[in-house]
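Student: give the three-dimensional model of this entry:
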Amino acid sequence: MGICVSRKVSRENLRKSIKKGTKPSENEALFLVAEIRSQLKMVYGCLSLGLAMMDMTEIPKMIWAVTEVEKLNVSHNCLITITPGIETLQNLVVLNLLGNQLAVLPKEIGSLKKLKVLFAGWNCLKEVPVELSCCKKLQVLSLSNNLISSLPESLEELNRLEKLNLSNNQFIQFPPCIYGLKRLVFLDVGHNKIRSISESVGQLERVSVFIAEENRLQYLPKSISLLRSLKLLNVNHNDIESLPVTLPMLTDLVRVACHSLDTGLHVKGNPLAKPLPQLLDEGLESLFDYLRRSEANK
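Tutor: Predicted coordinates:
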């Protein structure tokens, strides 16, 4: 016998159904799947399912039956783990896990071959599964505000990745795999404990926004000047005493930035040696002129 479900089932009814906490009967499970399907919406060309802020402690297994979903938002819940079955969502393009209590990402996430965007910030992650490197179409990866201290080397295989946010984690070393991500245009490693960045950073030629504020950097590598697309370089509040004489090669840096969202060079809160602080007060051109003269006098 078929089950008739109104397309206008309220979000509150769905919340109540999900929060029952008991294993549903076969008919109840079918009804819940139908309820979930009734919430699917076309958003920016993606068939989307929004289950944010529903006080869920786990993702109901019935979700895995909705295999047509392309964008799944389960952000701001109370998820501690992701129940087995996510690998069935083979059409998934965007997965939003932001603001939960996840300690690990499931290895099965590597089975999501169409995944382009993964938001997993504001969780309790300590590591990233090697299997994530199998998501070859991934373009945006946000892992901010976790407890991560290293990344698998295999992540350098994410050769379509354009935006990477690793801010507010526990990194002491700059993850070497990042140097292989040649399509990156946005990189945020701010608010970690990173002490140095190697000359290999010069390989990231497409990066236009590079944020490394609130770390323990003692210097910037000369090869930073090979990032000719840089429009925003933020190294505020580190331990930097000098700046590379090659910095004027960054012609898209047009000013000394004052506010956090400004394009330009952010370098306040560093123990810069004289006369650099005064030159910065005078403006970027004064700083660059000084660095050019220093290079010429070598």
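
Student: only C-alpha atoms from now on, for both contacts and neighbour counts.
Tutor: Will do.

Student: give me the neighbour count for the closest residue to Glu153 other than its chain neighbours.
Tutor: Among residues not flanking Glu153 along the chain, Cys177 sits closest, at 5.0 Å (Cα to Cα, 6 or more residues apart in numbering). Neighbours of Cys177 under the rule other Cα atoms under 10 Å: 16.

Student: and if you look at Asn297?
Tutor: Residues near Asn297, counting by other Cα under 10 Å: 7.

Student: returning to what we had before: pLDDT at the residue nearest to Glu153, what is it?
Tutor: For Cys177, the pLDDT comes out at 98.

Student: before we move on, what about the one 10 residues further on?
Tutor: The predicted local distance difference test score for Leu187 is 99.

Student: and what of Ala34?
Tutor: On the pLDDT scale, Ala34 gets 78.

Student: could you measure it against Met62, distance?
Tutor: 10 Å (Cα to Cα, to the nearest Å).

Student: same check on Asn159?
Tutor: With Cα to Cα as the criterion, Asn159 and Met62 are 33 Å apart.

Student: pretty sure Leu164 is in a helix, no?
Tutor: No: counting by DSSP: H, G, I helix; E, B strand; the rest coil, Leu164 is not found in a helix; it is strand.

Student: that one contacts Arg183, doesn't it?
Tutor: No: Leu164 is not in contact with Arg183 according to Cα atoms under 8 Å; the separation is 10.6 Å.

Student: SS state for the residue nearest to Glu153?
Tutor: What three-state DSSP gives for Cys177 is helix.

Student: quick one, what contacts it?
Tutor: Counting by Cα atoms under 8 Å, 6 or more residues apart in numbering, Cys177 touches 151-156.

Student: contacting residues around Cys190?
Tutor: One thing to correct before we go on: residue 190 is Gly, not Cys. 166-168, 211-215.

Student: can you say which helix or strand has it in it?
Tutor: Element membership of Gly190 [criterion: DSSP states H and E] is none; it lies in no helix or strand.

Student: what is the neighbour count of the nearest residue to it once chain neighbours are set aside?
Tutor: Once flanking residues are discounted, Gly190 sits nearest to Ala212: 4.2 Å by Cα to Cα, 6+ apart. Per other Cα under 10 Å, the neighbour tally for Ala212 reads 25.

Student: wait, Ala212 sits on Val189?
Tutor: Yes: Ala212 is within contact range of Val189, at 5.1 Å (criterion: Cα under 8 Å).

Student: ok, residues contacting stretch 63-70?
Tutor: Residues from elsewhere that reach stretch 63-70 (Cα under 8 Å, 6+ apart): 33, 36-37, 40, 46-49, 85-86, 88-94.

Student: my bad, stretch 44-60
Tutor: Contact partners of stretch 44-60, identified using Cα under 8 Å, 6+ apart, comprise 15, 18-19, 36, 39-42, 68-83.

Student: mind redoing it with 6 Å?
Tutor: With contact meaning Cα atoms under 6 Å, 6 or more residues apart in numbering, stretch 44-60 is reached by 40-42, 69-79.

Student: any chance of a ChimeraX selection covering the buried ones in these?
Tutor: Applying 16 or more other Cα atoms under 10 Å to the contacts of stretch 44-60 leaves a buried subset, and the ChimeraX line that selects it is:
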select :40,69,70,71,72,73,74,75,76,77,78,79
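
Student: before we move on, the earlier item: from the contacts of Gly190, which is closest to Leu276?
Tutor: Nearest to Leu276 among those: Glu213, at 18.4 Å, using Cα to Cα.

Student: what distance do you get for the closest one to Met249?
Tutor: From Glu213 across to Met249, the span is 21 Å (Cα to Cα).

Student: more neighbours: which of those two?
Tutor: More crowded of Glu213 and Met249, by other Cα under 10 Å: Glu213, with 24 against 15.

Student: residues in contact with the more buried one?
Tutor: 190, 234-237.

Student: secondary structure element for it, which one?
Tutor: Using DSSP H and E, Glu213 falls within no helix or strand.

Student: for Glu127, see how far away it is.
Tutor: 22 Å.

Student: likewise Asp55?
Tutor: Look at Asp55 and Glu127: by Cα to Cα, they are 25 Å apart.

Student: which of the contacts of stretch 63-70 fall within helices?
Tutor: Judged by DSSP state H, the contacts of stretch 63-70 include 33, 36-37 as members of helices.

Student: what residues does stretch 200-208 touch?
Tutor: Under Cα under 6 Å, 6+ apart, the answer for stretch 200-208 is 179, 182, 184-186, 223-224, 226-227, 229-231.

Student: what does stretch 87-94 give?
Tutor: If you take Cα under 6 Å, 6+ apart as the criterion, stretch 87-94 is touched by 67, 70-71, 108, 111-112, 114-117.
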